[in-house]
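> build the 3D model from these lines:
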Amino acid sequence: MTMEKDYNLIVGLRIREIRESMHLSREKFSEKCDISTSFLADIERGKKSLTAKTVYKICTACNISADYIILGHKEGFDRDAGIEILNSFNNEQLGHIVNILYEIKNIST
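Numbering: from 1, shown residues only. Okay, the predicted model is just below:
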């Protein structure tokens, strides 16, 4: 496998991860990003590479940074992981967490 194919596969897997985290089929995701379903399938399988225009479409449609698609850097807060963690707490613990968050907000404003 060439270096370009390796890169295409890695990027394709990141795109797939984004799509699956949004719980979207290829059809729905490609519609949202204004690309064809077959092109998306080829991207996810590493058979096609992305143009800057396609990266832009995906980033704007999904409100994500190109850093993750291109470099693998996850910036900012992962909402899905945060929600999963919050769901693991009982109501009493959640009450404390909310109070802490209000305090942090008051300190930072």
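> quick one, grab the pLDDT at the residue nearest the centre of the chain.
Geometric centre of the chain, nearest residue: Ile18, 3.8 Å, by C-alpha atoms, centre = their mean. For Ile18, the pLDDT comes out at 91.
> now Glu84
Per the predicted model, pLDDT is 76 at Glu84.
> gap between the lowest-mean-pLDDT helix or strand in the chain and the chain center?
Least confident helix or strand of the chain, by mean pLDDT, DSSP states H and E, is helix 79-87 with a mean of 76. Computed by C-alpha atoms, centre = their mean, to the nearest Å, the chain-centroid distance of helix 79-87 equals 15 Å.
> and if you look at stretch 18-32?
For stretch 18-32, the distance to the chain centre is 11 Å (C-alpha atoms, centre = their mean).
> ends of it, what's the gap?
Start-to-end span of stretch 18-32 (C-alpha to C-alpha, to the nearest Å) is 13 Å.
> what's in contact with that stretch?
36-37, 39-41, 44, 58, 61-62, 64, 68-69, 80 (C-beta atoms under 8 Å, 6 or more residues apart in numbering). (Glycine included, C-beta is placed from N, CA and C.)
> still on that earlier bit, the residue nearest to the centre of the chain sits in which helix or strand?
Take DSSP states H and E as the rule and Ile18 turns out to sit in helix 3-21.
> that helix versus helix 79-87: what angle between them?
40 degrees (axes from the mean of the first three to the mean of the last three C-alpha atoms, to 10 degrees).
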